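[1] Need a 3D model of the following:
(2 chains)
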There are 2 protein chains.
Amino acid sequence: MNKPLRIGITGLGTVGCGAINILHKNAELIANRCGRSIEIVAVTAGNKNKKREADISGLKWVNSPLDMVSDNSIDVVVEAIGGSEGIARELVEKSLSAGKSVVTANKALIAHHGIGLAKLAEQHNAMLAFEAAVAGGIPVIKALRDGLAANRFTHIAGIINGTCNYILTRMQNEGLDLQVVMEEAGKLGYLEADPSFDIDGIDAAHKLSILTSLAFGCAPSLDKVYMEGIRGVSKYDIEFARELGYVVKLLGIASLSDEGILQRVHPALVPVSSPLANVNGSFNAIQIEGDAVGTVFLEGRGAGAGPTGSSVVADIMDIARGVAYKPFTLPVASLKAPKFASMDKLKCSYYLRLSVIDKPGVLADVTSIFRDAQISMRSVIQHSHNPGEVVQIVVTTHETQEASMQKAMDAIAKLATVKDKPYRIRIENV
Amino acid sequence: MNKPLRIGITGLGTVGCGAINILHKNAELIANRCGRSIEIVAVTAGNKNKKREADISGLKWVNSPLDMVSDNSIDVVVEAIGGSEGIARELVEKSLSAGKSVVTANKALIAHHGIGLAKLAEQHNAMLAFEAAVAGGIPVIKALRDGLAANRFTHIAGIINGTCNYILTRMQNEGLDLQVVMEEAGKLGYLEADPSFDIDGIDAAHKLSILTSLAFGCAPSLDKVYMEGIRGVSKYDIEFARELGYVVKLLGIASLSDEGILQRVHPALVPVSSPLANVNGSFNAIQIEGDAVGTVFLEGRGAGAGPTGSSVVADIMDIARGVAYKPFTLPVASLKAPKFASMDKLKCSYYLRLSVIDKPGVLADVTSIFRDAQISMRSVIQHSHNPGEVVQIVVTTHETQEASMQKAMDAIAKLATVKDKPYRIRIENV
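    Next up, the predicted model:
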């Protein structure tokens, strides 16, 4: 058997401890599969004495992540610190510059600085691997890079933020409003202190930009992601969606058309018959369309020590086996600066919920705005209620252009009988 | 860019033509992703002048597959002939012996002779790749080998025969009986002249034995697969299953327990809420349980030119990129001769359908047989009918052992009031 691959692990939270536990528990199995063992040479984190989910008593502790860079006994640095800047970025840059391969679960770092880091990796003949950065334990990066590599990809749609999916699933199953679920999730420690990163779609946008890059052969372009979180979703929307045969999901979607690449993260109405509609709780899933393979659907746990650790260790095993890939499949110099499509040009069907004061004529006003915008309505739902009360009206449309819909929404918002801003959810027939 | 990888393609049916079409259509994309182009140097098949799904007019025709072996301009031989013996086997053996890598979609060949071929590949430093042999376009072999490689696998359950799934789906959607769907499918050319290979579970057993090998690190052991096809499934079963909250699917299941490895192919009642229950038509899907990652679910097209071609070309691209793996992940010498569990020891819940002459006391007889076998019943369904008619009674049980269930079934079959053999379907809570 070949000599061991020696790794250093920085950051001992969920991801770092998850990887350590797998490397300990499945050491023999992993060594057999790689033809060599994987040896944890050193670990470090912010606080040495914190209680952790992994047993690090037998492992060498170093004082700073950067100590790993200068340690010649370390072949691979695992960055599980997190954050797009600061020590995580410095560590990855310096490790690659020193010719050490890096395995990371850090989507923010890759989304923001992936190309610069990939260049460093190429220059210094090192690997930069980040399977755990997208969709936890689902090997979606490897699927795009290897298993489905013969395909021209046209469409990717995924549930790639487990926190939002957990919240939407509970709203759906228990008829709760967003705020209630968020408060409970906060108490249970499922939410970050500032939940904006998850709830507003930022985390999903990071992941989507990485998937886009791999699928379409371009640099991750986070600033080209249309981003709309789940704060506007109410229990009414979940109920109306159900009545219409849909489920509300936060989707990340990247598609390629003659207009260019369009990346978007937003809540969507997904048909109940879609595999994506049945992805519940903190599970993630990705639906990939390739020109040869058709539709491939991958589902699994999007977070947690086991799933992210599984992906981190798989990347380490690639390196141990001498499997070498460019971080974004193509050499950096071959990545295209693609044309990006404008969100205004998106064509889809829409769900629109209006809170109206029930006066005769309000529906006539709304329909005449749609008519003027040449938007064709598909259905209207209004439930019985007491006269004079605020009532929810839901309109769905046939396929129309985002820009037309936006204009119609603006006009509807100005109607005196319409309370609050109209709330729109795009209907995705994934 | 590096020099092209030169391949020869033998067999120009669905798989061979699928691969050629992708290599032509996506040539530039594939070359970019591999860092070198892939060049089809020669093709051959049984009949040169047959009308085909791919344009081979620009390709060199050789008269015999074996001509590829002696052709020094060929690096990789694609075997798309099929069959576990004859020319396919000879071609693969001779190609590997000549140090040429082989890509094949031939599950029968790999299930029967995989280990011998893997030995040849090792001896001659060649690759033997067969992603397309299992579940068409779904990259499940790569997932087990790479993306989920950090896991100790415990359970794999899949819908891995598209023909059976197509038949069961039509029975389910249209209330048809098996024979009717089979006749129609035959007329449409969806069925082989001898459909036994699909219908009796042989094809699924081939694929399962390959998955088992990769997941559990042993040689494919086709003779250790319990095999029961779908011929016994009636429209009554589909209807009763629906009433009970289940769908009937032909599953391939491999599991690891203290008793050893158990491989089985048989119809199963799958809960409607399971992702497997919603895999319809000719789609395939595989649910994988790993100790770290938890459950991962992969779904896609199990057959057809595009999907199988996608997997064949992905394997060719691995070779072009210099990604080298042992065919069964582990070196042949490290593959274990595992303990296999006996089917008798299987524990599960059962669905049992009896055709009985409705005389008072028949249910008392059945329940007393169950009591004597210490099998606990969960539910009984008997619909209203006219006195004296043959009636279908369905009994479901709590978890019990296969051997006990078999004994009870034998005793029930002997009751004078029971017409036909009782029909049993295992209930799988996948």
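[2] Quick check, pLDDT for the nearest residue to A:K224 once chain neighbours are set aside.
    Sequence neighbours aside, A:F340 is the residue nearest to A:K224 in space, at 4.7 Å (criterion: Cβ to Cβ, 6 or more residues apart in numbering or on different chains). All C-beta spots, glycine's among them, are computed from the backbone N, C-alpha and C. With respect to pLDDT, A:F340 scores 96.
[3] do you know how far A:F340 is from chain B?
    Computed as Cβ to the nearest Cβ, to the nearest Å, the A:F340 to chain B distance reads 20 Å.
[4] where does A:H266 land in three-state SS?
    strand (DSSP: H, G, I helix; E, B strand; the rest coil).
[5] Over to A:Y423?
    Quick answer, by three-state DSSP: A:Y423 is strand.
[6] so it touches A:L352, yeah?
    Yes. With contact defined as Cβ atoms under 8 Å, A:Y423 counts as touching A:L352 (7.2 Å).
[7] show me the contacts for the residue nearest to A:K224.
    For A:F340, the contact set (Cβ atoms under 8 Å, 6 or more residues apart in numbering or on different chains) comprises A:221, A:224, A:260-263.
[8] Ramachandran angles for it?
    Main-chain torsions, A:F340, degrees, to the nearest 10: phi -100, psi 140.
[9] Beta-bridge partners for it, please?
    A:I261 (DSSP bridges).
[10] What's the separation between it and A:E402?
    Plainly put, A:F340 is 14 Å away from A:E402 if you go by Cβ to Cβ, to the nearest Å.
[11] again, but for A:N161
    22 Å.
[12] Which strand or helix spans the residue of the stretch 301-430 of chain A found nearest chain B?
    For the stretch 301-430 of chain A and chain B, the shortest gap (Cβ to the nearest Cβ) falls at A:V313, measuring 3.5 Å. Assigned by DSSP states H and E, A:V313 belongs to helix A:305-320.
[13] neighbouring strands for the helix or strand just after that helix, and are they parallel or not?
    Under the assignment DSSP H and E, the closest C-terminal helix or strand after helix A:305-320 is strand A:347-357. With DSSP bridges as the test, strand A:347-357 is paired with strand A:390-397 (antiparallel), strand A:400-401 (antiparallel), strand A:418-427 (antiparallel).
[14] tell me the SS of the residue lying closest to A:D365 once chain neighbours are set aside?
    Nearest-residue entry for A:D365: A:L415, 5.4 Å, with adjacent residues in sequence omitted and distances by Cβ to Cβ, 6+ apart. When classified by three-state DSSP, A:L415 comes out as coil.
[15] correct me, but A:L415 touches A:V362?
    Yes. Between A:L415 and A:V362 there is a contact under Cβ under 8 Å: 7.1 Å.
[16] Which of the two has more residues huddled nearby?
    A:V362 (20 against 17; other Cβ atoms under 10 Å in any protein chain shown).
[17] Skip the chain neighbours and tell me the closest residue to that one.
    A:T417 (4.3 Å).
[18] likewise A:M127?
    A:S101 (3.9 Å).
[19] Distance-wise, check that neighbour relative to A:E85.
    For A:S101 relative to A:E85 (Cβ to Cβ), the value is 22 Å.
[20] More neighbours: which of these two?
    Comparing A:S101 with A:E85 by other Cβ under 10 Å, the one with more neighbours is A:S101, at 25 against 11.
[21] The more buried one against A:I319, yeah?
    Yes. The pair formed by A:S101 and A:I319 meets the contact definition of Cβ under 8 Å, at 5.1 Å.
[22] Give the intersection of the neighbour lists for these two.
    Common neighbours of A:S101 and A:I319 (Cβ under 8 Å, 6+ apart) are A:75-76, A:127, A:129.
[23] can you pull out the helices in the stretch 151-300 of chain A?
    Taking DSSP state H, counting those that start in this stretch to define them, one finds helices in the stretch 151-300 of chain A at A:162-174, A:178-187, A:196-199, A:202-216, A:235-244.
[24] most tightly surrounded among these?
    Most buried of the helices of the stretch 151-300 of chain A by mean neighbour count (mean count of other Cβ atoms under 10 Å in any protein chain shown) is helix A:202-216; its value is a mean of 26.
[25] Just the C-alphas of it, formatted as PDB.
    Extracted in PDB, the C-alpha atoms of helix A:202-216 (Å, rounded to 0.1, in the frame of the first residue of the first chain):
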ATOM      1  CA  ILE A 202     -28.100  34.500   0.000                       C
ATOM      2  CA  ASP A 203     -26.900  31.000   0.900                       C
ATOM      3  CA  ALA A 204     -28.900  29.500  -2.000                       C
ATOM      4  CA  ALA A 205     -27.500  32.100  -4.300                       C
ATOM      5  CA  HIS A 206     -23.900  31.200  -3.300                       C
ATOM      6  CA  LYS A 207     -24.600  27.500  -4.100                       C
ATOM      7  CA  LEU A 208     -26.500  28.300  -7.300                       C
ATOM      8  CA  SER A 209     -23.600  30.400  -8.600                       C
ATOM      9  CA  ILE A 210     -21.300  27.400  -8.100                       C
ATOM     10  CA  LEU A 211     -23.600  25.000  -9.800                       C
ATOM     11  CA  THR A 212     -24.000  27.400 -12.700                       C
ATOM     12  CA  SER A 213     -20.300  27.600 -13.100                       C
ATOM     13  CA  LEU A 214     -19.900  23.900 -13.300                       C
ATOM     14  CA  ALA A 215     -22.800  23.300 -15.600                       C
ATOM     15  CA  PHE A 216     -22.300  26.100 -18.000                       C
END
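[26] Packing partners of that helix?
    helix A:107-123, helix A:140-142, strand A:153-159, strand A:225-227, strand A:246-257, strand A:260-271 (3 or more Cβ pairs under 8 Å, 6 or more residues apart in numbering or on different chains; DSSP states H and E).
[27] ranking those by burial, who's on top?
    helix A:140-142 (a mean of 29).
[28] So which residues make contact with it?
    So helix A:140-142 is contacted by A:130-131, A:133-134, A:158, A:210-211, A:214, A:286, A:288, A:298, A:314, B:142-143, B:146-147 (Cβ under 8 Å, 6+ apart).
[29] which residues touch A:V366?
    Counting by Cβ under 8 Å, 6+ apart, A:V366 has contacts A:354, A:393, A:395, A:412, A:415.
[30] Present these as TSV; the columns should include distance to B:L168.
    Shown next, in TSV, are these (distance: Cβ to Cβ, whole Å):
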residue	distance to B:L168
A:L354	45
A:I393	43
A:V395	40
A:I412	48
A:L415	52
